[in-house]
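K.L.:
Sharing a sequence plus its predicted fold:
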Amino acid sequence: MTTRRRTVLAAAGAAAAAGATGAAGTAHAAPRRGAEGQGNGPVNAAKAKEHFGTLEDGTEVHRWTIENGGTRLRVISFGGAVQSLEIPDRHGRRANISLGFDNLEGYVKDTSHFGALIGRYGNRIAKGRFTLDGKTYQLPLNDGPNSLHGGDKGFDRRVWDVEPFEKGSDVGLTLRYTSADGEMGYPGKLKVRVDYTLASGGEFRIDYEAVTDKATVVNLTNHTYFNLAGEGSGDVYGHRLELDASRYTPVDSTLIPTGELAKVARTPFDFRRAKAIGQDIRVPHEQVLFGKGIDHNFVLDKGITPRPERFVTVTEPTSGRVMRIATTEPGVQFYTGNFLDGSAVGTSGAVYRQGDGFCLETQHFPDSPNQPGFPSTVLRPGETYRSSTLHYFGIR
C-alpha cells in the first residue's frame with residue numbers, strides 16, 4: 001500500500017523533515033504549571049466513559065474524558081465532537097476554551113458544527129458537483145447553492161466508534177467511522193481513523209487517516225470553536241492572532257474561491273504581524289462583507305509538510321493563555337464565528353452570539369475538486385490519506 005500526504009513533493013526529504021521538526025518545536029511552550037496551580041505530575045490515565053444521550057433511532061451516544069499535563073479533554077461519539085477542552089490560565093485556574101453543549105439535543109439541532117470532525121470534504125464545493133475520472137458526482141446542497149462540510153449528514157452527524165489508548169506518556173482516543181460508497185453522493189467506501197492525543201506537556205494532537213476502495217475526494221478537519229478567555233465569556237475580538245500566511249483565497253458572494261491566490265498585504269486579512277482579531281473586522285472590504293467577517297482559507301507560507309509545522313499563535317491578554325498550532329496541511333480556514341446568532345446556549349448557559357468563538361480549520365483548500373490550480377484532494381485505492389494538527393498551550 002502506498003502512503004500519501006496528498007501532493008507532497010518527492011523533494012520533501014530529510015532536510016524538510018528536519019525543518020518541520022524544528023518549527024513544531026518552536027511552537028511548544030515552556031513547561032507550565034498544571035491545573036489549580038499543581039505541577040504537571042504523572043500522567044493521569046483515567047478515561048471515564050459515560051452515557052451522554054440517546055438518538056431517536058435508539059443509538060446511544062457516549063462521552064469520554066481524558067487528562068494529561070494539565071489539559072482535560074471531553075469528546076462525544078456523536079460527530080466525534082470535542083465537547084470541552086480545559087487548560088489553565090496564568091494563575092493556574094483551568095477553564096473550558098471550546099464552545100459546545102452540555103446535552104445531546106444541542107448537538108443534534110446544531111448547524112454550526114461545534115467541535116465536530118468534518119468530512120468527507122471539509123469546507124465548500126461549488127454547486128455540490130465535481131468530476132473525477134470523467135464521471136460527475138452530485139452532492140447535497142446544504143449551504144445555499146453549494147455543498148458544505150460533506151453535506152447535510154456529513155461526518156459531524158454520524159456516531160463514531162471510540163476506543164481509549166495509552167502510548168508511553170500519552171493518552172488518547174481512537175475514533176473510527178466507515179463511510180459507505182455513495183454516502184452523501186461521494187464515491188468509494190472510505191474507512192476513516194482519527195486519533196485525539198493528549199501528550200505529557202498538555203499538547204492536543206489530531207491525526208487523521210483514511211483509505212478508499214474507489215477514487216474519491218477527501219478533506220478532513222476539526223471544527224472546534226475556541227475562546228481562550230473561556231467558553232461563554234464574550235467575544236474573541238480582543239484575542240491577538242499571528243498567522244504565517246502571505247496569501248489567501250478570495251471568494252465570490254457564495255463563499256466559493258475564485259481560484260486566485262491573493263496577497264494579504266494591505267487587506268484586513270494580513271495577520272503576518274500579531275493584531276487583534278477584531279481590528280479590521282468592520283472594515284468595508286468586499287471580502288469581509290461576503291463573509292460577514294472573516295470566513296476564508298489562508299494559504300500557509302509553509303505549504304504541505306511531511307511533519308506538522310507551526311503556522312499560528314493566538315494570545316488572550318486577560319487570562320494570559322496562548323495557543324500555537326502546527327499542521328501538515330497547506331491551508332487553514334480562519335472563521336470568526338460570524339453566523340452565531342444567539343440561538344445556541346452553550347455548556348456554561350451563555351448564549352453564543354456573533355464573534356464569541358473562532359475556528360482555525362486546518363485543511364486543503366475549499367472547492368479543490370473544481371480548481372485545478374489548487375493542491376489535489378483526490379485519494380485513490382492503494383493510497384493512505386494522512387494529516388496531522390497539533391495544539392500547544394502555554395501562558396504569557
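P.N.:
Looks like it arrived, so ask away. Numbering: from 1, shown residues only.
K.L.:
could you pull out the helices for the stretch 151-300 of the chain?
P.N.:
286-291 (DSSP state H, counting those that start in this stretch).
K.L.:
Return, as residue ranges, the portions of it with sub-threshold pLDDT.
P.N.:
Counting by pLDDT under 70, not a single residue of the stretch 151-300 of the chain qualifies.
K.L.:
residue ranges of the strands in it, please?
P.N.:
With strands called from DSSP state E, counting those that start in this stretch, the stretch 151-300 of the chain shows them at 161-167, 170-179, 190-198, 204-212, 216-217, 221-222, 240-243, 247-248, 262-263, 275-276, 295-299.
K.L.:
and these as TSV, adding distance to Gly119 and mean neighbour count?
P.N.:
In this view, the C-beta of every residue, glycine as well, is placed from N, C-alpha and C. Shown next, in TSV, are the strands of the stretch 151-300 of the chain (distance: least, CB to CB, whole Å; neighbours: other CB atoms under 10 Å):
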stretch	distance to Gly119	mean neighbour count
strand 161-167	15	14
strand 170-179	7	20
strand 190-198	7	21
strand 204-212	8	22
strand 216-217	10	23
strand 221-222	8	28
strand 240-243	24	20
strand 247-248	23	22
strand 262-263	27	14
strand 275-276	32	15
strand 295-299	17	25
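K.L.:
Could you dump the ones you listed into CSV with distance to Lys109 added?
P.N.:
What follows is the strands of the stretch 151-300 of the chain, written out as CSV (distance: least, CB to CB, whole Å):
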stretch, distance to Lys109
strand 161-167, 22
strand 170-179, 21
strand 190-198, 24
strand 204-212, 25
strand 216-217, 29
strand 221-222, 20
strand 240-243, 30
strand 247-248, 32
strand 262-263, 37
strand 275-276, 32
strand 295-299, 22
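K.L.:
Can you tell me which of the ones you listed is nearest to Arg72?
P.N.:
The minimum distance between Arg72 and the strands of the stretch 151-300 of the chain falls on strand 190-198, with 8.4 Å, by CB to CB.
K.L.:
Regarding stretch 358-370, how distant is the last residue from the first?
P.N.:
Distance between the two ends of stretch 358-370: 27 Å, counting by CA to CA, to the nearest Å.
K.L.:
any idea how far Leu390 is from Asn329?
P.N.:
Actually, residue 329 is Glu rather than Asn. 12 Å (CB to CB, to the nearest Å).
K.L.:
Give me the longest strand you can find in the protein.
P.N.:
In the chain, assigned by DSSP state E, the strand with the most residues is strand 383-395.
K.L.:
mind listing what that one pairs with, with the direction of each?
P.N.:
Partner strands and pairing direction for strand 383-395 (DSSP bridges) are strand 2-4 (parallel), strand 204-212 (antiparallel), strand 321-327 (antiparallel).
K.L.:
Can I get those strands in JSON lines including distance to Asn222?
P.N.:
As requested, the strands paired with strand 383-395 are exported to JSON lines (distance: least, CB to CB, whole Å):
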{"stretch": "strand 2-4", "distance to Asn222": "21"}
{"stretch": "strand 204-212", "distance to Asn222": "6"}
{"stretch": "strand 321-327", "distance to Asn222": "11"}
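K.L.:
of those, which approaches Val159 most closely?
P.N.:
Val159 lies closest, by CB to CB, to one member of those: strand 204-212, at 17.7 Å.
K.L.:
if we can go back for a sec, of all the strands of the stretch 151-300 of the chain, which lies closest to Gly382?
P.N.:
Among these, the nearest to Gly382 by CB to CB is strand 204-212 (8.4 Å).
K.L.:
I figured Thr258 hits Pro250, correct?
P.N.:
Yes - under the criterion of CB atoms under 8 Å, Thr258 makes contact with Pro250 at 5.3 Å.
K.L.:
out of the two, which sits in the busier spot?
P.N.:
Pro250 (18 against 12; other CB atoms under 10 Å).
K.L.:
give the contact list for that one.
P.N.:
257-258, 260, 262, 287, 296 (CB atoms under 8 Å, 6 or more residues apart in numbering).
K.L.:
Distance of the spatially most distant residue from the centre of the chain relative to Ala215?
P.N.:
Distance from the centre of the chain peaks at Gly134, with 31.4 Å (CA atoms, centre = their mean). Remark: distance between Gly134 and Ala215 (CB to CB) = 11 Å.
K.L.:
ditto for Thr389
P.N.:
Distance, Thr389 to Ala215, using CB to CB: 25 Å.
K.L.:
Who has more neighbours out of the two?
P.N.:
Neighbour comparison, Thr389 and Ala215: the larger count goes to Thr389, with 23 against 15 (by other CB under 10 Å).
K.L.:
Could you verify my assumption that that one touches Glu329?
P.N.:
Yes - with contact defined as CB under 8 Å, Thr389 reaches Glu329; the gap is 7.1 Å.
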